[in-house]
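A.B. asks: sequence-free structure coming up:
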């Protein structure tokens, strides 16, 4: 389970780093794309304006000069033949445009190349502008040269017109193709597009490199924090540089060092406390044995004692037994904490084991048993007796009789530890008021008692915690809940073949000369299972 949690944590960490890397790359790419598109757009419009203006001015200037030169020698009222000759002469320019000349009266129209440029192609707005006299201006130039861009058959053209001043002067129009300029601008557009794409790719690569530079220390920090969380308190980071990430690494190292020192101190104190409890419990056993023997003698003679003394003797006997149980429970708890608790496994019939536990404590009249014979499970009979005694005794004490104990098998394992052919399930249900919801999470805590007003209750508060530890030794679990119809239900789940690990532990301990055949475990009897 811990390995699975570590794997999930690493996957989540990788996803978080990937997400941050993606955000960094995206931001870099967007900034680079915005900058590249902006620069490319500005460059395109500037070059477009320069190219078109240069081509336009060259064509219009040449047309204006040719119009003046070619029509200046014409008579006041030139014939159509003269106009056609002048139009043809004007097309000999290097600017490669076509010309249309229209007489003043509009009766004669001369076209240099009717297949390319005709009078019908001239926009009416241009004709109107050419024939409009500019008022308020110098009388020497009442007419101006006007131009307009048009598109015909998806090809761009520049069309210009001007009227020749003087009596009978014709009006001239020119048509120049802008296709070369369009092709040049398209080439420029492709070049800018390729440059933008290259800038975008370069920015992504740069962002990836920058993200790796930034996130590599973050990833190392994440891995170190993961190892620290797994208990490897000696984890430290290598500090490189003097930037903010280096300072973060130093802070992490100082924190890890302080945590390691604090945990070492706490472990030393815990070990000292555990050793103290173990030593105290062990030392108390000898005088407790003598005191118990004396109290047993007193108990046998209580009927012969003075009536004024008999109640005190009964109190001493009960408190001595309670103290003896507490000492035994403390010794068992110290064995769990020290990891020295071992199991002696055997194949047992669960129904017989439950019946023996109930009969040994004279609970037959207060407990209902629902268990089929023949359910064989390999486990530690003594520790199962401890678990059952604590669960049933707790139900009788706090829930009241009748207590129902049911035994069944689960074919599907209830938890990963209970793998194999199935799990053994034992439920202990009472008819009491149930367990308060705020108490449920703490029922297995040591020395926890639901009622703070009863600190001197009969139990020690260790019974359920000892039962849970014994279940864990078998690879099982105990859970508590409230039944819908009322009452508390404690459920014990044990693996049916979980004894293999216990057999290996026992064989190893016997080979080493340790294990359950020690004085402490030999002295532990079934009284330790009395409800805490």
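C.D. replies: Structure received. As the structure is a prediction and not an experimental result, all values here were calculated from the model.
A.B. asks: Low-confidence ranges, the stretch 151-300 of the chain, go.
C.D. replies: Segments of the stretch 151-300 of the chain classed as low confidence (criterion: pLDDT under 70) are 165-168, 277-278, 281.
A.B. asks: So which residues of it form strands?
C.D. replies: If you assign secondary structure with DSSP state E, counting those that start in this stretch, the strands in the stretch 151-300 of the chain sit at 155-163, 171-177.
A.B. asks: what helices or strands is the longest one leaning on?
C.D. replies: Contacts of strand 155-163 with other secondary structure elements, assessed using 3 or more C-beta pairs under 8 Å, 6 or more residues apart in numbering; DSSP states H and E, are made with helix 2-72, helix 124-130, strand 146-152, strand 171-177, helix 179-229. Just so you know, the C-beta spots here come from the backbone N, C-alpha and C atoms, and that holds for glycine as well.
A.B. asks: contacting residues around it?
C.D. replies: Here strand 155-163 makes contact (C-beta atoms under 8 Å, 6 or more residues apart in numbering) with 55-56, 59-60, 63-64, 67, 121-123, 126-127, 129-131, 143-151, 169-179, 181-182.
A.B. asks: what kind of secondary structure is residue 113 in?
C.D. replies: Taking DSSP: H, G, I helix; E, B strand; the rest coil as the rule, one finds residue 113 in the coil state.
A.B. asks: With distance to residue 116 as extra columns, can I get the helices and strands packed on strand 155-163 in JSON lines?
C.D. replies: Rendered in JSON lines, the data for those read as follows (distance: least, C-beta to C-beta, whole Å):
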{"stretch": "helix 2-72", "distance to residue 116": "15"}
{"stretch": "helix 124-130", "distance to residue 116": "17"}
{"stretch": "strand 146-152", "distance to residue 116": "10"}
{"stretch": "strand 171-177", "distance to residue 116": "7"}
{"stretch": "helix 179-229", "distance to residue 116": "13"}
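A.B. asks: Please identify the most buried of those.
C.D. replies: Highest mean neighbour count of those: strand 171-177, a mean of 25 (counted as mean count of other C-beta atoms under 10 Å).
A.B. asks: That strand to strand 146-152, inter-axis angle?
C.D. replies: 40 degrees (axes from the mean of the first three to the mean of the last three C-alpha atoms, to 10 degrees).
A.B. asks: relative to helix 2-72, how tilted is strand 171-177?
C.D. replies: Going by the same axes, to 10 degrees, strand 171-177 makes 150 degrees with helix 2-72.
A.B. asks: circling back: which stretch among the helices and strands packed on strand 155-163 approaches residue 97 most closely?
C.D. replies: Taking C-beta to C-beta as the criterion, residue 97 comes closest to strand 171-177 out of the helices and strands packed on strand 155-163, the separation being 3.9 Å.
A.B. asks: for the stretch 301-450 of the chain, what spans make up the strands?
C.D. replies: Along the stretch 301-450 of the chain, counting by DSSP E, counting those that start in this stretch, strands occupy 346-349, 367-370, 376-379, 403-410, 423-429.
A.B. asks: and stretch 480-487, how far apart are its ends?
C.D. replies: One end of stretch 480-487 to the other measures 11 Å (C-alpha to C-alpha, to the nearest Å).
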